[in-house]
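S.K.: Next comes the sequence, and after it the predicted model I'd like to discuss.
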Amino acid sequence: MSMDDVTRYTTALEQNPEDVPSFLGRAAAYYAQGYFQQALEDYDRAIGLIVKLKANALIGAGDLQGALDVLSQAIAANPNDAHSYLSRGIALSTMGNNQQAVDDFNAALTIDPNNAAAYHNRGIAFAALGDVAQALADYDAALSLNPNDPMVYYNKGVAHKQAGDYQQFVEAFKVAAQLGFDQAQKFLIDAGIPF
């Protein structure tokens with residue numbers, strides 16, 4: 001392996017920064033050239049991505065406790081990985097452990113304050129805890145970072161409904177429907193509300 005291989009894998013990673021085989025290939029190329037620290041960094045990044053993929057597969061398979069275990073190990077290995085905190089928070093929230101989920105979303109936001117998904121999911125957890133005002137603030141923060149996310153508008157509408165503000169509920173659902181969110185469209189159509 002040569003430095004040309006390093007360049008080739010680096011180009012591939014610029015196209016897809018979560019390509020595990022490219023991290024492994026570049027790590028092997030670095031190792032072959034005697035750049036051991038760079039090799040170790042790429043191996044660590046590959047391992048981190050594999051852990052995240054495994055956790056997502058466990059969540060998809062319904063093994064939330066398995067996902068929590070894997071993500072907790074990932075956080076122990078790399079406590080500065082916002083994505084692992086975000087993923088573990090989602091698993092915790094799905095299990096109904098919303099206060100613990102909020103703690104993980106807070107950790108993710110400390111590491112990456114521009115993480116729209118962390119704000120969105122923290123809003124969901126706050127809504128489940130009955131803190132509608134904080135949920136709405138988090139939905140607004142998520143929308144300031146990603147203004148075309150129909151699911152955030154949908155959840156914002158649900159929070160407004162939870163707060164008893166029917167007009168804001170409908171307005172948020174209209175935006176979600178206009179952005180193509182099926183559940184909002186169905187609700188509005190069934191209720192006879194144009195969007």
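M.R.: Sure thing, it's come through. Residues are numbered from 1 along each chain as shown.
S.K.: For the rest of this, base every contact and every neighbour count on C-alpha atoms.
M.R.: Fine.
S.K.: domains in the protein, as residue ranges please.
M.R.: As given by automatic domain parsing, the domain ranges for the chain are 1-61, 64-131, 148-195.
S.K.: do you know which of these lies nearest residue 138?
M.R.: Ranking the domains of the chain by distance to residue 138, with CA to CA as the measure, places domain 64-131 first at 5.0 Å.
S.K.: Leaving out chain neighbours, which residue sits closest to the residue nearest the centre of the chain?
M.R.: For the chain, residue 117 is the residue whose C-alpha lies nearest the centre (CA atoms, centre = their mean; 4.7 Å). What sits nearest to residue 117 in space, not counting adjacent residues and going by CA to CA, 6 or more residues apart in numbering, is residue 142, at 6.8 Å.
S.K.: Give me the distance from the helix or strand where the one you found lies to the chain's centre.
M.R.: Secondary-structure element containing residue 142, defined by DSSP states H and E: helix 132-145. Centroid separation for helix 132-145 versus its chain: 15 Å, with CA atoms, centre = their mean, to the nearest Å.
S.K.: Ok, stretch 122-134 next?
M.R.: Once both centres are worked out by CA atoms, centre = their mean, stretch 122-134 turns out to sit 17 Å from its chain's centre.
S.K.: May I have the predicted confidence score for the nearest residue to residue 40 once chain neighbours are set aside?
M.R.: Sequence neighbours aside, residue 27 is the residue nearest to residue 40 in space, at 7.0 Å (criterion: CA to CA, 6+ apart). pLDDT, residue 27: 94.
S.K.: Which helix or which strand is home to residue 27?
M.R.: With secondary structure defined by DSSP H and E, residue 27 is part of helix 20-32.
S.K.: just checking, what packs against that helix?
M.R.: On a contact count with 3 or more CA pairs under 8 Å, 6 or more residues apart in numbering; DSSP states H and E, helix 20-32 meets helix 3-15, helix 36-60.
S.K.: List the buried residues for stretch 179-189?
M.R.: The neighbour-count criterion (16 or more other CA atoms under 10 Å) identifies 179, 181, 184, 185, 188 as the buried residues of stretch 179-189.
S.K.: Same check on stretch 120-131?
M.R.: With burial defined by 16+ other CA under 10 Å, the residues of stretch 120-131 counted as buried are 120, 121, 122, 123, 124, 125, 126, 127, 128.
S.K.: Those residues in helices, which ones?
M.R.: Using DSSP state H, the members of those that fall within helices are 120, 121, 122, 123, 124, 125, 126, 127, 128.
S.K.: And the lowest mean pLDDT element among the helices and strands of the chain?
M.R.: The helix or strand of the chain with the poorest confidence is helix 36-60; it has a mean of 88 (mean pLDDT, DSSP states H and E).
S.K.: Next, the angle helix 20-32 makes with that one.
M.R.: For the pair helix 36-60 and helix 20-32, the angle between their directions (axes from the mean of the first three to the mean of the last three CA atoms, to 10 degrees) equals 160 degrees.
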